[in-house]
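Chemist: this is a predicted model, with the sequence first.
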Amino acid sequence: MTRASDTPMTAHRLGLIAVAVLLAGLVAVPVAVGDQFVYHIFITICIFAALSTAWNIVGGYAGQLSLGHAIFYGIGGYAGVILVNLGISPWIGMFAGAAVAVVAAIVVSWPCFRLHGPFFALATIAFLEVFRVLALHFRELTGGATGLMIPLKIGWEWMVFRERLPALLIAFGMLLVCLAVAWAIRSHRLGFYLVATRERESAAKAAGVGTVKVRLMAVAVSAALSAMVGTFHAMYLTFIEPESMFSLQFSIQIAMFALIGGIGTVWGPLLGAMLLVPITEFARGALGSEAIGLHGFVYGVVLMLVVLFLPNGIMGLVHRFTAAPGKTVGEQAAPVAAAPRSAEPREAGREVMRVEGLQKHFGGLHVTNDVGFTLREGEILGVIGPNGAGKTTVFNMLSGFLKPDEGKVSVLSPSGEWQQPVTPGDFASIGVGRTFQIVQPFAAMTVEENIMVGAFHRHPHVGDAREAARETAHRMGLGPYLNAEASSLTIGGLKRLEVARVMAMEPRILLLDEVMAGINQTDVRRAVDLMLSIRDTGVSIIAIEHVMQAVMSLSDRVIVINSGQIIAQGDPHDVVRDAHVIEAYLGKDFTHA
Ligand SMILES: Nc1ncnc2c1ncn2[C@@H]1O[C@H](COP(=O)(O)OP(=O)(O)OP(=O)(O)O)[C@@H](O)[C@H]1O
């Protein structure tokens with residue numbers, strides 16, 4: 001009998017064998033051929049693949065399209081050569097270069113991370129230009145435009161050889177280090193956090209991810225690796241100068257290999273370099289001086305073909321052949337494994353959240369006006385009100401996404417002290433989890449991985465987080481879809497995924513923003529049962545909801561917000577009979593119904 005899990009496992013094993021064969025080929029082919037030019041091509045493949053793999057940690061995993069990565073490569077190169085001229089081995093120089101590159105990476109990236117998309121890319125280009133000009137300016141250190149020669153000291157200690165084989169072995173070793181680091185990051189918590197931040201920064205923040213911190217960590221690792229490769233490449237080239245070490249064209253080339261091979265994948269940059277470097281080097285070798293700039297043309301053509309036919313690069317093609325057919329969560333999804341509602345109404349416990357005098361303006365618009373209420377342990381507080389009343393704005397202030405102009409939000413910590421969290425991370429750590437009105441799935445991740453991002457909050461190890469995510473998925477009726485891409489879920493599935501991710505954080509206070517909007521009647525009933533079962537575990541819930549059937553059957557108390565103010569609050573049955581609420585929100589038809 002074939003089990004469902006056999007196919008992906010076999011594909012995974014085949015994939016690893018294919019990678020091992022490709023890697024072995026990088027050393028075996030030039031050794032077997034023995035030609036100097038072939039050695040040079042394979043050394044270049046290893047160097048470019050290593051640099052592109054390092055770039056991919058920032059450009060792919062974290063989604064920050066850096067076009068200034070030659071800064072770190074150049075720093076590594078200059079550090080190595082300057083120290084060699086002082087009689088220090090490049091094996092030491094490469095670590096010194098890496099340390100300087102990490103500092104430069106943090107200084108450069110911190111302001112740039114406020115920028116997104118093309119603005120980030122432009123800022124990195126600007127910094128690259130700054131470093132090129134600095135290298136030209138500090139002539140005593142860098143040799144200025146004349147550049148620096150590497151003294152002819154031959155041997156392993158100096159990374160300079162008469163034969164090509166040792167250079168190939170070092171380049172190959174560096175590639176292995178870069179691949180191992182990239183693989184380790186992608187398969188541990190940091191990798192999940194980076195991809196989550198890339199896909200949906202707000203949702204990642206709500207899951208307790210320090211989005212700036214993880215991106216800085218990524219850029220620091222990437223810079224260190226790039227600098228180390230830069231040191232070796234400088235030794236291999238035996239001459240460096242600012243134009244080639246801090247080159248925009250070189251930065252683009254590094255990014256291009258990852259784009260063509262499969263951005264954000266561990267093996268994509270390697271495949272990109274293995275495809276493109278030989279083509280361009282052979283063309284350059286065959287056409288000689290007639291083909292200056294030919295590599296740019298080759299990259300352009302290949303990139304156009306990839307964009308047109310392989311939007312996810314070569315790795316996208318590989319996945320198409322190896323991935324198991326995905327399932328789509330239909331509206332008739334598996335039943336939610338919710339526990340039945342406890343028959344007795346629960347006695348609400350002590351206060352866990354106090355909201356006092358919240359005020360918020362957007363320009364001249366007074367969106368929140370003196371909103372205050374309390375929430376008790378194990379209570380479900382329904383929040384209703386017309387569109388644009390300011391409900392989500394209040395939620396944003398209850399979860400650190402907006403700072404109130406006035407007023408405060410206090411949360412009872414697990415140790416029993418009242419605290420006033422500020423950032424989304426503070427709210428997440430004190431046990432406040434939230435969903436978003438417009439669902440924010442991490443589209444490039446599977447259902448399981450999406451939920452794991454939440455689970456990491458309490459379970460830092462991948463194995464534990466995976467187990468917790470699976471348990472939560474089964475509870476939410478998402479068990480059969482663990483390996484489906486989040487992007488393949490229907491709106492009902494996505495809403496459940498949103499709740500599952502936040503439940504995996506094991507929050508004490510749950511803020512649900514219209515989780516029942518747009519789902520069918522069966523799913524509404526399931527969602528009601530699920531929320532009651534969550535409440536029965538002692539979690540307090542604040543739910544913004546327009547589905548009145550759900551509000552009435554769920555809420556212990558209801559708050560009505562209109563034009564930024566609370567106009568009524570109390571028992572659901574009393575609130576819906578309130579004349580102001582009928583006029584402002586429900587309408588007379590509701591009372592008749
Ligand atoms: N960042 C912002 N900048 C300016 N105006 C905003 C901003 N966010 C919300 N608003 C405005 O504030 C008002 C309240 O919006 P909010 O989303 O809080 O309402 P809501 O009650 O949640 O509505 P709905 O039920 O439609 O989701 C609206 O007029 C909205 O246009």
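Modeler: Okay, I see it.

Chemist: what's in contact with the host helix or strand of L175?
Modeler: According to DSSP states H and E, L175 maps onto helix 165-186. For helix 165-186, contacts defined as CB atoms under 8 Å, 6 or more residues apart in numbering pick out 23, 26-27, 30-31, 39, 42-43, 46-47, 49-51, 53-54, 56-57, 61, 156, 159, 161, 191, 194, 218, 221, 225, 228-229, 232, 236, 266-267, 270. Just so you know, the C-beta spots here come from the backbone N, C-alpha and C atoms, and that holds for glycine as well.

Chemist: mind checking which of these are buried?
Modeler: 23, 26-27, 30, 39, 42-43, 46-47, 49-51, 53-54, 56-57, 61, 159, 161, 191, 194, 218, 221, 225, 228-229, 232, 236, 266-267, 270 (16 or more other CB atoms under 10 Å).

Chemist: helices - which of those land there?
Modeler: The helices, defined by DSSP state H, take in 23, 26-27, 30, 39, 42-43, 46-47, 49-51, 53-54, 56, 191, 194, 218, 221, 225, 228-229, 232, 236, 270 from the buried ones among the contacts of helix 165-186.

Chemist: check contacts around the residue of the stretch 51-200 of the chain found nearest the ligand.
Modeler: Per CB to the nearest ligand atom, H116 is where the stretch 51-200 of the chain lies closest to the ligand, at 16.6 Å. Counting by CB under 8 Å, 6+ apart, H116 touches no other residue.

Chemist: what is the burial count for A465?
Modeler: 24 (other CB atoms under 10 Å).

Chemist: buried ones in the helix or strand harbouring it, by neighbour count?
Modeler: A465 belongs to helix 462-475 when assigned by DSSP H and E. Neighbour-count burial for helix 462-475, counted by 16+ other CB under 10 Å, picks out V462, A465, R466, A468, A469, R470, T472, A473, H474, R475.

Chemist: would you check how far apart the third one and I451 are?
Modeler: To tie it back to what came earlier, the one meant is R466. R466 sits 9 Å away from I451, taking CB to CB, to the nearest Å as the criterion.

Chemist: what residues does the chain have near the ligand?
Modeler: F362, L365, V367, G385, N387, G388, A389, G390, K391, T392, T393, Q437 (CB under 6 Å from any ligand atom).

Chemist: related to what we said a few turns ago, tell me the mean pLDDT over the helix holding L175?
Modeler: Averaging pLDDT along helix 165-186 gives 97.

Chemist: S553 against V528, yeah?
Modeler: Yes: assessed by CB atoms under 8 Å, S553 is found in contact with V528 at 5.6 Å.

Chemist: neighbour count for those two, which is higher?
Modeler: Set side by side, S553 and V528 show more neighbours around V528, with 20 against 16, by other CB under 10 Å.

Chemist: V560 looks like it's in a helix, true?
Modeler: No: counting by DSSP: H, G, I helix; E, B strand; the rest coil, V560 is not part of a helix but strand.

Chemist: so what's it closest to, chain neighbours aside?
Modeler: A568 (4.4 Å; CB to CB, 6 or more residues apart in numbering).

Chemist: show me what secondary structure element comes after the helix or strand hosting R198.
Modeler: Here R198 sits within helix 189-199, counting by DSSP H and E. Heading C-terminal from helix 189-199, the first helix or strand you meet, by DSSP H and E, is helix 201-206.

Chemist: against which helices or strands is that following helix packed?
Modeler: With contacts defined as 3 or more CB pairs under 8 Å, 6 or more residues apart in numbering; DSSP states H and E, the packing partners of helix 201-206 are helix 189-199, helix 211-237, helix 424-430.

Chemist: okay, the ones you listed in CSV with distance to M503 next?
Modeler: Shown next, in CSV, are those (distance: least, CB to CB, whole Å):
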stretch, distance to M503
helix 189-199, 16
helix 211-237, 21
helix 424-430, 13
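
Chemist: list the contacts of I252.
Modeler: Applying CB under 8 Å, 6+ apart, the residues near I252 are L67.

Chemist: against L303, how distant is it?
Modeler: 10 Å.

Chemist: S226 now?
Modeler: Remark: distance between S226 and L303 (CB to CB) = 22 Å.

Chemist: next: A223.
Modeler: A223 is 25 Å from L303, by CB to CB.

Chemist: who has more neighbours out of the two?
Modeler: It is A223, of A223 and L303, that has more neighbours when counted by other CB under 10 Å, with 32 against 15.

Chemist: wait, the more buried one touches A101, no?
Modeler: Yes: in this structure, A223 is within contact of A101 by CB under 8 Å, at 4.2 Å.

Chemist: so what sits against both of those two?
Modeler: I71, F72.

Chemist: who are the contact partners of the residue nearest to V209 when sequence neighbours are not counted?
Modeler: Distances taken as CB to CB, 6+ apart place Y193 nearest to V209, at 4.8 Å, with adjacent residues excluded. For Y193, the contact set (CB under 8 Å, 6+ apart) comprises A204, V209, T211, V214, V453, F456.

Chemist: so what's the fourth one up against?
Modeler: By CB under 8 Å, 6+ apart, the contact set of V214 is A62, L190, Y193, L194, T197.

Chemist: closest one of these to Q419?
Modeler: Y193 (24.0 Å; CB to CB).

Chemist: ok, so what distance separates that closest one from V221?
Modeler: 13 Å.

Chemist: okay, now the unreliable bits of this protein?
Modeler: 1-9, 287-293, 295, 322-348, 588-593 (pLDDT under 70).

Chemist: can we see that at 50?
Modeler: Residue ranges of the chain with pLDDT under 50: 1-5, 326-344.

Chemist: report the central residue of it.
Modeler: Among the residues of the chain, the one closest to the centroid is V195, at 2.2 Å (CA atoms, centre = their mean).

Chemist: so that one touches F442, yeah?
Modeler: Yes: using CB under 8 Å, V195 is in contact with F442, at 6.5 Å.

Chemist: residues shared between the contacts of the two?
Modeler: E449.

Chemist: tell me what I240 is bridged to.
Modeler: Judged by DSSP bridges, the bridge partners of I240 are L148.

Chemist: next up, the contacts around it.
Modeler: I240 neighbours (CB under 8 Å, 6+ apart): G77, Y78, V81, G147, L148, A234.

Chemist: hmm, the fifth one is touching N85, no?
Modeler: Going back to what we said before, that points to L148. Yes: using CB under 8 Å, L148 is in contact with N85, at 7.1 Å.
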